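Undergrad: below is the structure, and that's it, no one-letter string:
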Ligand SMILES: Cc1cc2nc3c(=O)[nH]c(=O)nc-3n(C[C@H](O)[C@H](O)[C@H](O)COP(=O)(O)O)c2cc1C
Ligand SMILES: O=C(O)C(=O)c1ccccc1
């Protein structure tokens with residue numbers, strides 16, 4: 001019998017014969033509350049929080065929940081295969097870990113632990129520019145695990161160039177350029193606690209270890225850490241960037257480039273015109289534009305505009321295997337998940353992240369099987385109905 005992601009279900013029940021139950025809930029929507037009970041209000045608020053009054057984050061969930069799966073019967077689903085090819089790389093399932101900065105506020109093992117979890121499960125890890133550990137160390141922790149690099153496109157060209165060179169040298173195969181964060185949004189949960197992790201130096205590891213970044217400082221980081229932090233704050237993002245600037249990235253990166261944070265079909269067309277390879281339909285988990293369109297509502301329009309010219313990925317609000325099913329049926333090739341794995345990390349380190357990956361994919365596998373699909377390939381708009389919930 002072939003191995004299926006769904007086998008995790010029986011592994012749990014069989015372990016139960018000795019009295020063991022899973023260390024974390026298998027309904028991942030419960031992780032946020034648990035994390036809130038175990039970690040401080042600052043870190044939990046930072047991860048769970050979103051822009052404005054939270055309406056974008058709620059809309060993300062509502063847009064996924066409103067769409068309902070229409071299962072089909074008697075279609076031989078005894079052998080299933082969740083594997084896909086994304087950006088020219090074979091993946092065991094249509095899932096990657098989203099770039100999440102400042103992970104050390106969740107757990108001291110931070111990015112290396114999450115990256116090891118991803119590698120152990122065969123899922124790509126997208127390392128944030130704002131990781132808590134330099135990219136070289138994360139790459140080493142991953143062995144030959146698939147790794148993609150997320151770029152915060154800095155004001156300073158030399159720093160951007162240096163990041164691209166370093167990422168290439170340590171085996172990151174694809175570049176994800178985040179476009180939706182030229183400024184940090186109005187985030188009341190953080191504002192009310194006056195909590196911003198990188199003012200404490202968290203999430204600056206790639207910068208403080210970078211020769212081009214250090215060249216821009218009057219004094220070495222250890223002599224004036226506050227000045228180094230302020231330099232980071234002033235340069236890590238650049239609201240002056242426009243589409244023609246992408247040429248610089250195209251010239252300095254050999255592999256696929258994916259634009260993260262695309263919601264408008266015309267921006268997908270521009271991505272094609274500027275020689276990009278893919279987009280992530282995302283509103284940054286509701287953390288940037290308050291009142292933005294739900295990511296799942298924006299997905300079909302971008303998929304249509306992209307045609308077969310772009311790889312279309314999706315994130316923002318994925319919490320369950322059936323959410324993944326719905327995103328695939330709306331046309332995404334794969335999804336990224338952010339907060340759930342950050343909570344898994346906070347609650348149980350590497351094992352917690354592996355738990356999150358295994359739950360999502362076991363649930364996806366079962367949702368596919370029970371709905372009459374032997375894999376993601378044949379999903380389409382026909383498999384969904386508009387519901388009321
Ligand atoms: C705490 C936190 C930090 C994040 N940091 C980054 C980042 O450094 N770069 C980036 O492109 N996106 C970042 N994101 C956005 C995620 O990549 C992703 O778009 C989002 O979390 C998806 O929504 P979800 O959390 O509902 O899965 C961050 C999200 C969170 C929650
Ligand atoms: O908090 C975020 O959403 C985010 O993208 C970010 C930006 C800068 C540093 C760390 C995370």
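TA: Thanks, I have it. Remember, predicted model here, so these are calculated numbers, not experimental data. Ligands and ions are numbered 1, 2, ... in the order given.
Undergrad: contact partners for the residue of the chain found nearest ligand 1?
TA: Residue nearest to ligand 1 within the chain: residue 338 (2.2 Å; CB to the nearest ligand atom). In short, each C-beta sits where N, CA and C put it, glycine included. Residue 338 makes contacts with 98, 100, 285, 315, as judged by CB atoms under 8 Å, 6 or more residues apart in numbering.
Undergrad: turn those residues into CSV, including pLDDT and neighbour count.
TA: Converted to CSV, these look like this (pLDDT from 0 to 100; neighbours: other CB atoms under 10 Å):
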residue, pLDDT, neighbour count
98, 99, 26
100, 99, 26
285, 99, 25
315, 99, 26
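Undergrad: so which of these reach ligand 1?
TA: 98, 100, 285, 315 (CB under 6 Å from any ligand atom).
Undergrad: right, and the last one touches residue 337 too?
TA: Read it as residue 315. Yes: taking contacts as CB atoms under 8 Å, residue 315 lies within contact range of residue 337: 6.9 Å.
Undergrad: shared neighbours, these two?
TA: Counting by CB under 8 Å, 6+ apart, the residues touching both residue 315 and residue 337 are residue 98.
Undergrad: what is the neighbour count of the residue nearest to residue 377 when sequence neighbours are not counted?
TA: Nearest residue to residue 377, sequence neighbours excluded (CB to CB, 6 or more residues apart in numbering): residue 84, at 7.9 Å. Using other CB atoms under 10 Å, residue 84 has 18 other residues around it.
Undergrad: equivalent analysis for residue 14, please.
TA: 10.
Undergrad: that one falls within a helix, correct?
TA: Yes: the assignment for residue 14 (DSSP: H, G, I helix; E, B strand; the rest coil) places it in a helix.
Undergrad: and the residue of the chain closest to ligand 1, backbone torsions?
TA: The phi/psi pair for residue 338 (degrees, to the nearest 10) reads phi -110, psi -80.
Undergrad: in contact with the nearest residue to it once chain neighbours are set aside, which residues?
TA: In this structure, residue 338 finds its nearest non-sequential neighbour in residue 98, 3.9 Å apart by CB to CB, 6+ apart. Applying CB under 8 Å, 6+ apart to residue 98 gives the contacts 126, 285, 315, 336, 337, 338, 341.
Undergrad: partner residues bridging residue 262?
TA: residue 281 (DSSP bridges).
Undergrad: got the contact list for it?
TA: With the criterion set at CB under 8 Å, 6+ apart, residue 262 makes contact with 179, 268, 271, 279, 280, 281, 282, 302.
Undergrad: which SS class is the residue lying closest to residue 79 once chain neighbours are set aside?
TA: Leaving aside its sequence neighbours, residue 79 sits nearest to residue 2 (CB to CB, 6+ apart; 5.9 Å). Of the three states, residue 2 takes coil under three-state DSSP.
Undergrad: cool, the one 3 residues further on as well?
TA: Counting by three-state DSSP, the backbone at residue 5 sits in coil.
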